[in-house]
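Student: Sequence first, then the predicted structure:
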Amino acid sequence: MQVSRSTVPVDGETLALANELSRIRAAYSRRPDQFRYTLLDPANLLASHEREKRILEAFVRHGCAPLEKARILEVGCGTGFWLREFVRWGARPHNIVGVDLLPERIAEAEILCPAGITLRSQSAAKLEFSADTFDLVLQSTVFTSIFDNDMKIKIAREMLRVLRPNGMIMWYDFTMNNPWNSDVRGIPRREIVRLFPGCRFEFQRLTLAPPIGRRIARISPLLYRALSAVRIFDTHCLAIIHKTC
């Protein structure tokens, strides 16, 4: 006797998003060991100092300091580097939430992060938080790993949905393609504006191109800073995005 199998119909959009999630998981599994990004590397340390200075100046300029009472969410938190930075900058662990697609990264973050930080494994395309929950939402090098435009739009909408009125999104990501990494695609300013309609923006270019920076930092930190200050060799954008309503 032949047994028929019933299947649940899947619409094209759902299938496309599922395929994109699978591609992202596979791409992250190919990423170099995290030691590649250690601050023991001179170029990473110099880039980190520049980035931290710009971010803290932006917090003061936009009235976000101090961070003691701020409710903070990071989408794509990985093993929690930025979450720990927020604690170092004065945020309270119980006010910080990190979500990531990969459960193994969340498991590592639970080991590394201070007690009190909330960590969840979930897709940022459907955040399990109420509207107007957070004062600050961060994404760092997440969107350049997403190729599907609909997924980018869904995540951007979710970031805005959970952000309180007049809250702030902090964006740090590549503005151009990486010829050595086909798993990422740069996002120019015009696309950031398109993803967050009706918002106010401040853009800064920073971070010396890593292939150049790794060579120069070993020769001269002063030369590294000088080349980064020229900006034409910088590969990342730091954007401050204000939700206006």
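Tutor: That came through, no problem.
Student: quick one: low-confidence parts of this protein?
Tutor: 1-17, 21, 23-36 (pLDDT under 70).
Student: which residue is nearest the middle of it?
Tutor: With distances taken as C-alpha atoms, centre = their mean, the chain has Ser140 as the residue nearest its mean C-alpha position (1.9 Å).
Student: Do a quick rundown of the helices in this structure.
Tutor: 12-29, 42-61, 81-88, 103-112, 149-162, 189-195, 210-219, 221-230 (DSSP state H).
Student: Format these as a markdown table; extra columns: distance to Glu202 and mean neighbour count.
Tutor: To be clear about C-beta, it is placed using only N, CA and C from the backbone, and glycine gets the same treatment. Shown next, in a markdown table, are these (distance: least, C-beta to C-beta, whole Å; neighbours: other C-beta atoms under 10 Å):
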| stretch | distance to Glu202 | mean neighbour count |
| --- | --- | --- |
| helix 12-29 | 28 | 13 |
| helix 42-61 | 7 | 16 |
| helix 81-88 | 19 | 18 |
| helix 103-112 | 29 | 15 |
| helix 149-162 | 17 | 19 |
| helix 189-195 | 11 | 15 |
| helix 210-219 | 24 | 17 |
| helix 221-230 | 19 | 15 |
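Student: So which of the ones you listed is nearest Phe203?
Tutor: helix 189-195 (5.6 Å; C-beta to C-beta).
Student: residues making contact with stretch 236-245?
Tutor: For stretch 236-245, contacts defined as C-beta atoms under 8 Å, 6 or more residues apart in numbering pick out 51, 54-55, 58, 62, 160, 163-175, 187, 189, 192, 196, 198-207.
Student: Off-centre distance for that stretch?
Tutor: 13 Å (C-alpha atoms, centre = their mean, to the nearest Å).
Student: Can I get that stretch in CSV, CA atoms only?
Tutor: Taking C-alpha atoms only, stretch 236-245 is exported to CSV below (Å, rounded to 0.1, in the frame of the first residue of the first chain):
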residue,chain,number,x,y,z
HIS,A,236,33.8,51.3,7.1
CYS,A,237,30.9,53.7,7.9
LEU,A,238,29.9,54.7,11.4
ALA,A,239,26.3,55.9,11.2
ILE,A,240,24.1,57.4,13.9
ILE,A,241,20.5,57.0,12.9
HIS,A,242,17.8,58.8,14.9
LYS,A,243,14.2,57.5,14.9
THR,A,244,12.2,60.7,14.6
CYS,A,245,8.8,59.5,15.7
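Student: Return the residues in contact with Arg200.
Tutor: Ile241, His242, Thr244.
Student: Tabulate these (CSV), appending distance to Val99 and neighbour count.
Tutor: Shown next, in CSV, are the contacts of Arg200 (distance: C-beta to C-beta, whole Å; neighbours: other C-beta atoms under 10 Å):
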residue, distance to Val99, neighbour count
Ile241, 18, 25
His242, 22, 16
Thr244, 25, 9
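Student: from the residues you listed, which is closest to Ile153?
Tutor: Ile241 (14.7 Å).
Student: Okay, and the beta partners of the residue nearest to the centre of the chain?
Tutor: Tyr172 (DSSP bridges).
Student: Please tell me how far it sits from Cys113.
Tutor: In this view, Ser140 and Cys113 are 15 Å apart by C-beta to C-beta, to the nearest Å.
Student: ditto for Leu127
Tutor: Distance from Leu127 to Cys113, by C-beta to C-beta: 19 Å.
Student: go on, Ala125?
Tutor: 23 Å.
Student: Might one say that Leu73 is in contact with Asn95?
Tutor: No - counting by C-beta atoms under 8 Å, Leu73 sits too far from Asn95 to count as a contact (9.8 Å).
Student: re the thing from before, so what's the residue nearest to the centre of the chain up against?
Tutor: Glu74, Gly76, Trp82, Trp171, Tyr172, Asp173.
Student: Swap in 10 Å and give it another go.
Tutor: Going by C-beta atoms under 10 Å, 6 or more residues apart in numbering, Ser140 touches 51, 74-78, 81-82, 170-173, 236, 238.
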